[in-house]
Structures are given as C-alpha cells and as structure tokens.
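A.B. asks: Fold the following.
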Amino acid sequence: MSDWTGRTVSKVRLQERLGRGGMAEVYLGQHAGLDRPVAVKVLHSFLADDAARLERFRAEAQAVAALRHPHIVQVFDFDLLDGQPYIVMELLPGLPLDQYLSRLHGAGRRLPPEVTVRLVAALASALDYAHARGIVHRDVKPANVILRREAGALDPEAPLPLDVEPVLTDFGVARLSRAVTLSGSISGTPAYFSPEQAQGRPVDARADIYSLGVMLYEMLAGRLPFDAPDGEVIALLLKPISEPPPPIDGLSPAVWAVVSRALAKDPEARYARAGDLAEALLASVFGVSARPRAAETPPLAGLLDTLDLLVAQARAYDRAVPAGNYAARAAVTRLGELAGQALNEARDLAASLRPRPPAAHPFSPRELEVLGLAAQGLTNKEIAYRLNLSERTVQFHMNSVFNKTAAGSRTEAVALALQRGWLGKTEDR
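C.D. replies: Residues are numbered from 1 along each chain as shown. Predicted coordinates for the structure are as follows:
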C-alpha cells in the first residue's frame, strides 16, 4: 500500500510512518480536535467494493472503540479512506514488553515471579473486562503490551519499578483484520496461538487465556514453550497441538501446575477466566491458598481475591523487613500502596459490571464521586490522591462522564450535573 504520510484522516494529520506489520501500518499523527498526538493504524485490506465486509468491519470497530479500561489502549475513531480501513487510537509512551524481555533474556536473566504476577494480574483484568463484553483479542503477546509509568521513562536495562503498568494494545486489530478478510482465515501470531487457533477452528475467550499462558511461560522461563526454525510456520503451528510444553527448570510444582493448566490443549481444561489464572498464580507464587468462592460468582471475583492476597502479602513483607533496611521498607510500602490502589480500582470495575436498578443519573458511583470532586475544583491529581486511584483512572472516569453527558469540558459537565440536580443526590448512588 502507498505511504499515507502527509494525509489527513478524521481530523488527524499523519506526520510519519512508525512501522509496518503483517496486518497494518502504523503512523504518528496529530489530532486537531483533541490537540494531542495519536497513533493511526491502517489495515492491509480494501473494502470499498464489498458491502458485507464493510458492514462487518464497522460492527467490529464499534465494539472495540467502546472499550474503556486502564489497561487497554483507547480507540478514538475508525473509518475508511479510499476504501482502506484505519483506526485512530491513543499513543502510549513507554517500552514494549517484548523489547524488555529480549534484553532481559539476552543477558541470561528472567523476570522475577513477583513481577510476573503483577503484570499477569493487570493483563487478566483487561482481558476479563473485554471478554465480559464479548470481545476476544486473538493476538495476546508481549509485542502488544506497553510498559508505562506516571513517574517518567523506563530504563530497559534496569529492573521494573513497582509503579510500572502494562497496557494491552492492538485490542481488536487481529479481530478487525479478520473481519475484513475471509471469514475462515487465521489471525494472530503463531508462537502464541492456542491449539484451536492453529487448527483454524472458532475461538473464544479461552484462546486469549492460552496466549496469556504462553506469555507467562516466556516470562518465567526466558524462552517460548514452542519454537521452530525461521520460516517453518507449519511446524510451529503443529507443536502446541501435538506436544506438551517443556518443564521450566527451578519452577515450583505449584507454579508449574498453573502454567500447565493455562496451556492445556483442551479449552475446557483451561481456566475459564483470566482472573482465575491470575488468582491461582498469586496463590502459587506466594504459597497461600485461594479462598472459597460463593455459589454465585460476582464480576471479577478471581481478580479481587488475587489483589486481596497481594495486599495481605505486602503487609506480611512489611512485618518481615528489618527496621534498619530503609530501602527495602520503602519498596514494600510502595508495593502495599499500589496493591491497595489496584484493589480499589478493581472494585470500581466490578461494581460497574454488576446489574443496577435504574438511576436518576447515568453515572456509576465512582464517576459521580469523581465529578463531585471536580465540582469542588480539585485537579485530576488531587482527585487521584483523595480516592487512592491513579491519574490515568481518574481521567478514564472523566472521559466516561464526557461521553454520557456529551460535554466538551469539566466545567460543562459539572454545570450540566448541577443544573439537573445530579450532584448532592447521594441517595441515587
């Protein structure tokens, strides 16, 4: 396809081509309306003359654009230009996980299990959120995960800091690419394929859980469970179908049991939810038992249990660290703070997934709380501190308020809420 540099799509001026992949080309653009840099992905497909595929693309794109989660990159817009489909999405500064792992493994080191647990728990939260809305990623892999932090840039040679956050990108790009190609085609990356993907069979959320299991194996082992000589794609597709994953040296039986179940060849034998995988991994790494589940499983129950356990483990670390070891105590304190923040955010997300009776206002309880603090003149940073959330999560709630009120600013949203009496009606929460 031709170079789109210099063209304008959806109020975005394309400034330069950043890269080219098997399913899309990526451009850096400047969005005139949002006044911010964005990423634009142009899919390698042509739709102008096929009404059925065009309609399928629009339906899939609308579903992907509706996703709003702190660990999922945000899609702003999608459309066609000259018959070519494209997606406008959030531009994330950070370090791709595959690049970090490549440097780490190249130096003969592995990601510590405790760090692996944090990354897997965050990605599991993102996957459960999407799966609850009927969206399957189909291409979960380290190259589609960006490591970012609020405090600044990451050093690719240093251990990951406690405040690093993984964000899952390309959510739905494989899905959208499939929507505009033959319905039976295979989309994704072979090294992370589930057996059913490798066989070209229909997939569901459990295919993403398998791919997350491959990532888990790779982070713990320093290598992929299956490989093949360059160019031998068929051999790579056959291995997850016919061969068991090789054991990982030095891994405890409990952790290996979690990895093995995530990589089960039969989808029915895998974890039903990504949060269940994260919960089991945390329990196996820290040597604690998962708590019994109620007969009726609430949304994100596995992830909430996992984060509860992480908070408890941080407290146990705090008691065990010698009083004079100030560096270790500071790190453990920060871990506890982050675990508590993640637990609060997961509870918010779980609450948003529960069915609610009709309310007089369109907001979730947390959205109304954030809006109320904004009405008091607090900045996003001050709101984040007050509610023990990240600034990214506060902005996520504000964006949702803007979407529900069609407001273009905080001032407009607050004025509308005051005019309609939504603020101050605590009985509606």
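A.B. asks: among the helices and strands of the chain, which has the poorest mean pLDDT?
C.D. replies: helix 173-179 (a mean of 54; mean pLDDT, DSSP states H and E).
A.B. asks: Could you identify the helix or strand that succeeds that one?
C.D. replies: helix 195-198 (DSSP states H and E).
A.B. asks: Tell me how far that next one lies from the chain's centre.
C.D. replies: Taking the mean of its C-alpha atoms, helix 195-198 sits 22 Å from the chain's own mean (C-alpha atoms, centre = their mean, to the nearest Å).
A.B. asks: Could you export that helix as PDB, CA atoms only?
C.D. replies: Only the C-alpha atoms of helix 195-198 are listed here, as PDB (Å, rounded to 0.1, in the frame of the first residue of the first chain):
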ATOM      1  CA  PRO A 195      -4.300 -25.200  19.500                       C
ATOM      2  CA  GLU A 196      -7.700 -24.200  18.200                       C
ATOM      3  CA  GLN A 197      -6.300 -21.100  16.500                       C
ATOM      4  CA  ALA A 198      -3.500 -23.200  14.900                       C
END
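A.B. asks: who does it touch, helix- and strand-wise?
C.D. replies: Where contact means 3 or more C-beta pairs under 8 Å, 6 or more residues apart in numbering; DSSP states H and E, helix 195-198 is packed against helix 205-221, helix 233-242. Where you see a C-beta, it was placed from the backbone N, CA and C, and this is true even at glycine.
A.B. asks: what inclination does the helix or strand just after the last one have with respect to helix 205-221?
C.D. replies: Sequence order places helix 253-262 as the next helix or strand after helix 233-242, per DSSP H and E. For helix 253-262 against helix 205-221, the angle by axes from the mean of the first three to the mean of the last three C-alpha atoms, to 10 degrees is 140 degrees.
A.B. asks: Now the very next helix or strand once past helix 253-262: average pLDDT?
C.D. replies: The first helix or strand that comes after helix 253-262 along the chain, using DSSP H and E, is helix 274-286. Within the predicted structure, the mean pLDDT of helix 274-286 is 90.
A.B. asks: now swap in stretch 353-373 and tell me
C.D. replies: For stretch 353-373, the per-residue pLDDT values average out at 75.
A.B. asks: distance between the ends of that stretch?
C.D. replies: 23 Å (C-alpha to C-alpha, to the nearest Å).
A.B. asks: residues making contact with stretch 129-136?
C.D. replies: Residues from elsewhere that reach stretch 129-136, judged by C-beta atoms under 8 Å, 6 or more residues apart in numbering: 63-64, 66-67, 69, 72, 137, 171-172, 175, 203-205, 207-208, 273-274, 299, 349, 353.
A.B. asks: my read: Ala235 touches Phe226, true?
C.D. replies: No. Taking C-beta atoms under 8 Å as the contact criterion, Ala235 and Phe226 are not neighbours in contact, 9.2 Å apart.
A.B. asks: Which one of those two is surrounded by more residues?
C.D. replies: Relative neighbour count places Phe226 above the other of Ala235 and Phe226, with 24 against 13, counting by other C-beta atoms under 10 Å.
A.B. asks: mind checking pLDDT for the residue of the chain most remote from its centre?
C.D. replies: With distances taken as C-alpha atoms, centre = their mean, the residue sitting farthest from the centre of the chain turns out to be Gly324, at 37.9 Å. In this model, Gly324 is scored at 73, pLDDT.
A.B. asks: same check, this time on Tyr210
C.D. replies: The predicted local confidence for Tyr210 comes out at a pLDDT of 97.
A.B. asks: Just give the closest residue to it, not the sequence neighbours.
C.D. replies: In space, not counting the residues next to it along the chain, Tyr210 is nearest to Ser194; the distance is 3.8 Å by C-beta to C-beta, 6 or more residues apart in numbering.
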